[in-house]
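> Got a sequence here, can you build the structure:
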Amino acid sequence: MFTTSELESMIAVAGRRLGREASGNGKRGGGGAVFSRVGYSVVKIPDANEISVVYRDRDDNTDKTITVHDIGNIQIQGGVVTQTVQYPGISNADLAARIALRDLRAAASPLSRLRITVNRAGWDLGRGDPFKFSWAKLGINTAVYRVTNIDTGELTDGRIAIDAIEDVFALPDTSYVAPQPSGWVSPNNPPAAAAYQQLMEAGYWDVQMNVSPADIAQLGPEFGFVISQAVRPSEDTFSYQIQSLISGSEYIYVSQGFCCPTAELDDHLVIDALVDKVASIKNGIDLDQIEIDSFAYIGAECVAIRGVNIAAGTITIDRGILDTVPVEHADSSRIWFADGWQGLDRTERVDAEFATLKLLPTTTLGTLDIGSATALYLTLDNRYQRPYPPGNIKLNAARYPVSTTGDIAVTWSHRDRILQTAYLVNQTEVDIGPEPGTTYTVRIYDTTGPTLMHTENGMTGTSWTYTEVARQADFGGVGPHDLRIEIESMRDGLTSRQRQAWECTAMDS
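Numbering: from 1, shown residues only. Coordinates of the predicted model:
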């Protein structure tokens, strides 16, 4: 930037050599300088008295607008002259407001203009370059101007003619435009531990649906896998890492799981209807992700989802599917809609192995630090190899009676894990299978103890009768007797993971 003294020197030299310059309607000065200032009446379109700056807000990546006005100019011109300027490179409201005020000052102000003639000392001035200018006669003291045009003339002439305009293009330090807060709240959350998470051993269905037959054929006779379920702790949690303890405190990544939908029972769930049971639910998360004919867990019981009514807050379920049986559940028991939303640790484990895993939820901001995760534990128990329990249990042709009279005819239907991979079989269906070598054991308990009163094992059929005479002998006298009947399957020395069970009062005939 040239100083005032430098310009005065250049003008003075030009004046001595070339004489004074005078042109236009401006006031004439010595040393080849002409000054002029337009009035407000000349400040017309394309200039403006209202500037709207459009910028790209970095918070939500949307276009937003800030508008500033020159009230005095609006009154002089008798109306609003608007100009919209696009600044996609600006990303915040504060800078946009300062830019808007800068452009408004440039567009709406009656700027002074200057023409000076200097010698070759001004050879390196170019368009847009600033310089300071003083003219005592007009009271101008070190005003900043910018070159708008420059005529370098001829080498033999030695004169350079410069047109300049009063500089208003610097950004104001402060804007008095208060941008409206967006109200936008970032949906991104730091990763947090899942409040609800659990491990269980993978059953026959889980392995068959997720592991290829070729891989299964390579596994040992007592292999087992661990599966996990976790509920997302925040809206933007979409998955979690599964880390397995290998020694001491060292964990390694083994797989990934997706957060599963969940809800709570809104009432005590009793054993009554086994199919198409309508249950009330509450505090649901991601219920729109549930698929019909998928499975879910309520405690250790697996149920088939036959319907979901989010508005009514109900689900329709079939009870006790796969290798589980119907049991009662307390109000607020958690439902894990696990089918398609559980993690599978493909580490081959064996019966009785103790597994330690941590689940690390992931958000857009990263993955939970392993030191902040809670360890989960599971001891494997040959779930894949165990036979399914029998289904379709009846006492004297009735399902779950409160009491019976005389002899108790216990009946059931075969189940076969190998054959039950096409669909989720409900409790009321007739015989499927059984697997070769399957036998059944029935146990009778006195519920006042409880005390085991009778055991009948090694049965291959689907019925057995507990006679009134045998009952009176086992219980040491006439009835009524409060008893519990349990039925389990056995094959190759392995019992079913769960037993069918029911309590009732046995009356004498």
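
> Which residue ranges of the stretch 1-150 of the chain form strands?
In the stretch 1-150 of the chain, the strands defined using DSSP state E, counting those that start in this stretch lie at 27-29, 33-37, 50-57, 62-69, 82-87, 112-118, 130-135, 140-151.

> Next one: V425 from F258, what distance?
To F258, V425 is 26 Å away according to Cβ to Cβ, to the nearest Å. Glycine gets a C-beta too; all of them are placed from N, C-alpha and C.

> ok, those two, which is more surrounded?
Neighbours of V425 and F258, each counted by other Cβ atoms under 10 Å, are more numerous for V425; the result is 20 against 16.

> Could you measure from the more buried one over to Y445?
28 Å.

> Any idea which of the strands of the stretch 1-150 of the chain has the lowest pLDDT on average?
Of all those, mean pLDDT reaches its minimum on strand 27-29 (a mean of 38).

> Any idea how many residues pack against I315?
25.

> OK, contacts around it?
I315 is in contact with 263, 278-279, 281, 305, 307-309, 335, counting by Cβ atoms under 8 Å, 6 or more residues apart in numbering.

> Among the residues you listed, which lie within strands?
263, 278-279, 281, 305, 307-309, 335 (DSSP state E).

> which residues of this structure fall in helices?
Using DSSP state H, the helices assigned to the chain run over residues 4-18, 71-77, 93-108, 204-210, 213-217, 468-475.

> circling back to that earlier point, now, of the contacts of I315, which are buried?
Neighbour-count burial (16 or more other Cβ atoms under 10 Å) applied to these gives 263, 279, 281, 305, 308, 335.

> circling back to that earlier point, which one of the contacts of I315 sits closest to A398?
A398 lies nearest to V278 out of the contacts of I315, by Cβ to Cβ, at 21.9 Å.

> Contact partners for the closest one?
Counting by Cβ under 8 Å, 6+ apart, V278 has contacts 314-316.

> re the thing from before, with respect to I418, which of the ones in strands among the contacts of I315 is nearest?
The closest of the ones in strands among the contacts of I315 to I418 turns out to be I305 (Cβ to Cβ; 23.9 Å).

> ok, the nearest residue to the closest one once chain neighbours are set aside - contacts?
Closest residue to I305 in three dimensions, ignoring its sequence neighbours and counting by Cβ to Cβ, 6 or more residues apart in numbering: S294, at 5.2 Å. By Cβ under 8 Å, 6+ apart, the contact list for S294 reads 304-305, 337, 339-340.

> Determine which two of the residues you listed are furthest apart.
The span of the contacts of S294, defined through Cβ to Cβ, is set by A304 and G340 at 13.6 Å.

> If you count surrounding residues, which of those two has more?
A304 (22 against 14).

> ok, D206 - how many residues close by?
21.

> Then T448?
With other Cβ under 10 Å as criterion, T448 counts 10.

> my read: it touches D482, true?
Yes: assessed by Cβ atoms under 8 Å, T448 is found in contact with D482 at 6.3 Å.

> Now do the shared contacts for those two.
Counting by Cβ under 8 Å, 6+ apart, nothing touches both T448 and D482.

> Pick out the residue closest to the middle of the protein.
D236 (1.9 Å; Cα atoms, centre = their mean).

> Excluding sequence neighbours, find me the nearest residue to that residue.
Counting by Cβ to Cβ, 6+ apart, T363 is the residue found nearest to D236 once chain neighbours are left out, at 4.8 Å.

> My read is that that neighbour contacts S186, right?
No: using Cβ under 8 Å, T363 makes no contact with S186, being 11.3 Å away.

> So the two - more neighbours on which side?
The residue with more neighbours, out of T363 and S186, is T363; 21 against 10, by other Cβ under 10 Å.
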